[in-house]
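Colleague: Attaching a predicted model along with its sequence, questions to come.
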Amino acid sequence: MNERTNDTLLEIAEALADGAPVDWEGLERRQPALAEEVARLRALADVAAAYRELRESPEPETGHDKD
Amino acid sequence: MPGERERGRRPAARSEPAEEPPPNPLESTARLLVRAQSGDQNAREKLAGRYLAALRRWAHGRLPQSARDLVDTDDIVQSALYRAFSRIERFEDRGSGAFLAYLRQIVLNQIRDEARRARRRPAHEGLPEDLSRDDPSPLENLIGREKLMIYEREMNHLPPTQREAMIMRLELGLRYREIAEAMGLVSGNAARMLIARGIVRLSEGMRDLT
């Protein structure tokens, strides 16, 4: 992996870690050579987004939790 | 050396507003741990308080509905903290945020115990076996069981330091400054780079899903 490719992936990774929006389709269009790497990062972004969504959902009630 | 990898990269592109100093400077986790291990109750309470809210939210997402009817996440986290502190003398600090990973593992073990207990309770006897066994957690509902399993498998392949930093950021939502403090890193940006590299590394193992 060359340095430029690595920098691109690291920038996506930073956005993912910060919960910042990522233009996944645009990335795949602009960088077709990175399509596979971008798709994997996108799968991981789904995991991070799920954790974030649960963190940001209302606090569980005290007593037995009821959703 | 300022790292070949960083050359040409924009510095701290997404600097957190929360990088400002907190109202009360944090005592390092490592120092609190040493005090807690020598029996200092105040240090134990500070440590517990530092991670209680994050662990509570994390546990809430991991607890299946059936188990939630029997026990709440507060009880699980409180009980896990009690267990952790009751044997804290034996905890070996690897100096890299390992304490939070240790707490997370105790909470996860307890959640698994509660899920097993919930599956055995009489109310579930009327359910088809596969339904009572596969009661998903809110997290599994959002991600899907397979993706979560692959994520956890790949997470376990990372070096411990990187894994712990990523858990703190992605799962527990800690700020970079807090992660740096807990792990003894020089700055929030050092934590940011450690985590970004970990994400790229972990994503390589997500190929099963693409």
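Modeller: Yep, that arrived. The shown structure was predicted, so the numbers you read here are calculated from the model rather than taken from an experiment.

Colleague: max-length helix in chain A?
Modeller: helix A:35-56 (DSSP state H).

Colleague: Mind listing what's buried along it?
Modeller: A:37-48, A:50-51, A:54-55 (16 or more other CB atoms under 10 Å in any protein chain shown). No exception for glycine: its C-beta is placed from N, CA and C like everyone else's.

Colleague: B:Ser187: which of these is nearest?
Modeller: A:Ala48 (22.2 Å; CB to CB).

Colleague: so the closest one sits right up against B:Ile167, yeah?
Modeller: No: contact criterion CB atoms under 8 Å: A:Ala48 and B:Ile167 do not qualify, at 11.4 Å.

Colleague: before we move on, back to that, I would like the residues contacting the longest helix of chain A, please.
Modeller: A:5, A:9, A:12-13, A:16-17, A:19, A:22, A:24, A:27-28, A:31, B:57-58, B:60-61, B:138-139, B:142-143, B:147-148, B:151, B:170-173, B:199-200, B:202-204, B:206-207, B:209-210 (CB atoms under 8 Å, 6 or more residues apart in numbering or on different chains).

Colleague: Quick one: buried ones out of the residues you listed?
Modeller: Buried among these by 16+ other CB under 10 Å: A:9, A:12-13, A:16-17, A:19, A:22, A:27, B:57-58, B:60-61, B:138-139, B:142-143, B:147-148, B:151, B:170-173, B:199-200, B:202-203, B:206, B:209.

Colleague: Out of those, list just those in helices.
Modeller: Using DSSP H, the buried ones among the contacts of helix A:35-56 in helices are A:9, A:12-13, A:16-17, A:27, B:57-58, B:60-61, B:138-139, B:142-143, B:147-148, B:151, B:199-200, B:202-203.

Colleague: ok, for A:Ala33, nearest residue in space, not its chain neighbours?
Modeller: A:Thr5 (7.9 Å; CB to CB, 6 or more residues apart in numbering or on different chains).

Colleague: So which residues of chain B form helices?
Modeller: Counting by DSSP H, the helices of chain B are B:29-37, B:41-62, B:65-68, B:73-86, B:98-120, B:129-133, B:138-143, B:145-157, B:160-166, B:176-183, B:188-204.

Colleague: Could you tell me the least trusted of the ones you listed?
Modeller: In terms of average pLDDT, helix B:129-133 trails the rest of those, at a mean of 45.

Colleague: Low-confidence ranges, chain A, go.
Modeller: Within chain A, the segments meeting pLDDT under 70 span A:1, A:59-67.

Colleague: Tell me which residue is most central in it.
Modeller: A:Ala45 (2.3 Å; CA atoms, centre = their mean).

Colleague: Roughly how far does that residue sit from B:Met168?
Modeller: A:Ala45 sits 18 Å away from B:Met168, going by CB to CB, to the nearest Å.

Colleague: Who are the contact partners of B:Leu100?
Modeller: Applying CB under 8 Å, 6+ apart, the residues near B:Leu100 are B:29, B:51, B:164, B:167-168, B:172, B:182.

Colleague: Which members of the residues you listed are the farthest-apart pair?
Modeller: Longest span within these, CB to CB: B:Thr29 and B:Ile167, 14.3 Å.

Colleague: residue contacts, B:Gln59?
Modeller: To be clear, residue B:59 is Ala; Gln isn't right here. B:Ala59 neighbours (CB under 8 Å, 6+ apart): B:73, B:76-77, B:107, B:111.

Colleague: of those residues, closest to B:Met155?
Modeller: B:Val107 (15.8 Å).

Colleague: ok, now which ones touch that closest one?
Modeller: Going by CB under 8 Å, 6+ apart, B:Val107 touches B:55, B:58-59, B:62, B:76-77, B:80.
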